[in-house]
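Student: Kindly return the folded structure for what I paste below:
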Amino acid sequence: MSFRYILIFICTMPFLMNAQDSQHTSYEVSQEFPYGRMNPKAPPQTADYADLIGVCDCKSESKKADGTWGKSVNMTWKWRYIMNGMGVQDETIKEDGKHSGSIRQYSIDSTRWYVHYYSSSAIATTLSTWEGNKKDNNIVLYRPQKAPNGMDGFYRLTFSGISKKGFNWIGEWVDSAEKVVFPTWKISCIKRED
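Tutor: Numbers count the residues shown, from 1 in each chain. Just a heads-up that it's a prediction; the model follows:
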């Protein structure tokens, strides 16, 4: 190979590398797309969260030990595409200092969402995982959890009223047949920006 060809190869190498890098990051968060974009190669179900992408102003309420709802806490819930648009990540910033987030991936093989949760209030060596799907216009996720009396059941998370304007969320313990329902946490959100 002549010196001229080597020089041309060396000079074009950065351009080739940048072009290859942009193929792997073209759907990531950027100045033009501050919450990233869904990759067209992602499972179509990734669009289940499309209306949530952006920032919402929310009110969070938890049930107290006496069974009544506590005072609402202001919260910001941010959503964005991650892994070059192949998954979704969310983050909550709460006025009370308890922050949390999730990484959401859809598996074509099992035809379900896997949601891995983390929180600032308890550092986990293994992340909790919820599984589920979109049912009608709701996203419903489950994680096995026994009731305080030992009854088998699930902790169920439901996103409802999903639109470009906002959404509602509720966390409930349900028995295996979903006939006994005990809500413990609810959040209402209004979209601030897309």
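Student: Need the phi and psi values for the residue nearest to residue 86 when sequence neighbours are not counted.
Tutor: For residue 86, ignoring the flanking residues on the chain, the nearest one in space by C-beta to C-beta, 6 or more residues apart in numbering is residue 42 at 4.8 Å. Bear in mind the C-beta positions are built from the backbone N, C-alpha and C, glycine included. When read as degrees, to the nearest 10, the backbone of residue 42 gives phi -70, psi 160.
Student: Let me know the distance separating residue 42 from residue 58.
Tutor: 26 Å (C-beta to C-beta, to the nearest Å).
Student: just to revisit the earlier point, next up, the contacts around the residue nearest to residue 86.
Tutor: 85-87, 106 (C-beta atoms under 8 Å, 6 or more residues apart in numbering).
Student: what does residue 104 give?
Tutor: Contacts of residue 104 (C-beta under 8 Å, 6+ apart): 49, 87-90, 113-116.
Student: going on from whichever strand or helix holds it, what's the next piece of helix or strand?
Tutor: In the assignment (DSSP states H and E), residue 104 maps to strand 100-107. Per DSSP H and E, the first helix or strand lying C-terminal to strand 100-107 is strand 112-119.
Student: List the buried residues for the strand ranked longest in the chain?
Tutor: Identified as the longest strand of the chain according to DSSP state E is strand 181-193. By 16 or more other C-beta atoms under 10 Å, the buried positions in strand 181-193 come out as 183, 185-189, 191.
Student: which helices and strands sit right next to it?
Tutor: For strand 181-193, the packing partners by 3 or more C-beta pairs under 8 Å, 6 or more residues apart in numbering; DSSP states H and E come out as strand 54-62, strand 73-82, strand 166-175.
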